[in-house]
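>>> I'll drop the sequence and a predicted model, then ask my questions.
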Amino acid sequence: MHIPFMETILFRDLGLMPYDAAWDYQENLMQAALRIKARRFNPSPEDIHEETQHHLLFCEHPHVYTLGKSGHIENLLVNDARLQELGVSFFKTNRGGDITYHGPGQVVAYPILDLEKFETDLGKYMRNLEEAIIRMLLHYGIEGGRLPGATGVWLDADIPGKARKICAMGVRCSRWVTMHGLALNVNTDLRYFDYIVPCGLTDKKVTSMQKELGRPVDEQEVKDILKQEFGMVFSAEIVQDDIMTTILNTVA
C-alpha cells in the first residue's frame, strides 16, 4: 500500500565547505524558520499563510574538530601548535554532545526541520536520524545499532570491548526547529580521531565503512541511498532545491 508523503524537504549538496561557512548557512535557514514562527503571534495579512520550510543539507568539511556546548575541552588532546601542524581547525559549537572530527571522506548531513510538522519529541528525532543511517548501512551488509546511553550509530554495540561508532550525531533545536546533525564515516582517515577523545568516550573505538568493508566506498552512492532512507523514515518527499544549487554553483 502506498503511504503518501506528509512533508516536503528541500535537498542540496553543498560539496566541500568550511565548517564555519556551513554553520552560518544552517543558522540562516533556522532563523528564517524562527522568524516565520514568531510572526504567527501577531500576523499581518500576508503572513497568515506563510509556512516554514524543511531542508536537508549534505556536505563535506576540511579537517576540523568541533566541541559541543556540553563538551569538555580536555578531550582535545593536542595544543594549538599541533593543530596547525596537522592542518586541523577547531570550533566550539552550539550543538549538543562532546568533541568530534569532521574531514574528507565523511558524509555530513544537516537537517533543518520544523518538528512541529513531524513530532515534537527530540528523542524520537534523534532515533529517526539513527534509523536512517542504520537502514542505509544495511544496503552494504553492515549491521548498525544503538548503544544505550549514547547517541549515534554503533557496530557490535552489545559485545563488550567491540563497540565502535560509525556515525556521530549532535543537534541544536530552537522552538522545534533543528540544525546540525550527523557525520557518517565513509572513507574517513581515522587517524585524526587519535588526537581527541571522540564524543568523550574513552573506552570506545571509531570505525568507517571503508574499514569495515575492506575497500573504498562510493560516497555519491552512499548519499543517494541515505537521502532515500531519510525520506522514508520521516515520511517526506526529498526534492532537489535547484534554485539554491544554481546559486551555489555560480558562486563556486
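Yep, that arrived.

>>> which element follows the longest helix along the chain toward the C-terminus?
Counting residues, the longest helix found in the chain (DSSP state H) is helix 19-39. Counting by DSSP states H and E, the next helix or strand C-terminal to helix 19-39 is strand 54-60.

>>> Would you give the sheet partners of that next one, along with the direction of each?
Partners of strand 54-60 in the sheet, by DSSP bridges, are strand 7-16 (parallel), strand 106-112 (antiparallel).

>>> Low-confidence stretches in the protein?
For the chain, residues meeting the criterion pLDDT under 70 lie at 1-5, 43-49, 243-252.

>>> which residues in it form strands?
Listed in chain order, the strands of the chain (DSSP state E) span 7-16, 54-60, 64-67, 89-92, 99-102, 106-112, 144-145, 153-155, 164-174, 177-185, 205-206, 236-240.

>>> which strands and helices sit next to the longest one?
The one in question is strand 164-174. Using 3 or more CB pairs under 8 Å, 6 or more residues apart in numbering; DSSP states H and E as the contact test, the elements touching strand 164-174 are helix 122-138, strand 153-155, strand 177-185, strand 205-206. The way it works is simple: take the backbone N, C-alpha and C, and place the C-beta from them, glycine included.

>>> Please write out the alpha-carbon positions of that strand in CSV.
Provided in CSV are the C-alpha atoms of strand 164-174 (Å, rounded to 0.1, in the frame of the first residue of the first chain):
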residue,chain,number,x,y,z
ARG,A,164,32.7,1.1,17.7
LYS,A,165,31.0,4.2,16.4
ILE,A,166,30.5,4.7,12.7
CYS,A,167,28.2,7.8,12.8
ALA,A,168,28.3,10.6,15.3
MET,A,169,25.4,12.9,16.0
GLY,A,170,24.8,16.2,17.7
VAL,A,171,21.9,18.7,17.2
ARG,A,172,20.5,22.0,18.2
CYS,A,173,16.8,22.6,18.5
SER,A,174,15.1,26.0,19.0
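
>>> which residues does residue 142 contact?
Neighbour list for residue 142: 155, 166, 209, 212, 213 [criterion: CB atoms under 8 Å, 6 or more residues apart in numbering].

>>> Would you list the buried entries among the residues you listed?
By neighbour count, with 16 or more other CB atoms under 10 Å, the contacts of residue 142 hold 155, 166, 209, 212 as buried.

>>> From residue 142, how far out is the third one?
What that stands for is residue 209. Residue 209 sits 7 Å away from residue 142, going by CB to CB, to the nearest Å.

>>> Overlap of the contact sets of the two?
By CB under 8 Å, 6+ apart, the residues touching both residue 209 and residue 142 are residue 166.

>>> Run a quick neighbour tally on residue 68.
Number of residues near residue 68 (other CB atoms under 10 Å) recorded here: 21.

>>> next one: residue 35
That count, for residue 35 with other CB under 10 Å as the rule, works out to 12.

>>> now residue 110
Neighbours of residue 110 (other CB under 10 Å): 22.

>>> Same question for residue 103.
For residue 103, the count of nearby residues is 21 (other CB under 10 Å).

>>> Which neighbouring residues are in contact with it, exactly?
Applying CB under 8 Å, 6+ apart, we find residue 103 in contact with 61, 62, 63, 64, 88, 188, 189, 192.

>>> before we move on, what about residue 228?
Going by CB under 8 Å, 6+ apart, residue 228 touches residue 238.

>>> Report the separation between residue 70 and residue 151.
Separation of residue 70 from residue 151 (CB to CB): 12 Å.

>>> Residue 187 now?
According to CB to CB, residue 187 and residue 151 sit 23 Å apart.

>>> Give the residue from these two that has the larger number of neighbours.
residue 151 (22 against 18).

>>> And the closest residue in space to that one that isn't next to it in sequence, how close does it get to residue 176?
Nearest non-adjacent residue to residue 151, counting by CB to CB, 6 or more residues apart in numbering: residue 169, 4.7 Å away. The gap separating residue 169 from residue 176 is 18 Å, by CB to CB.
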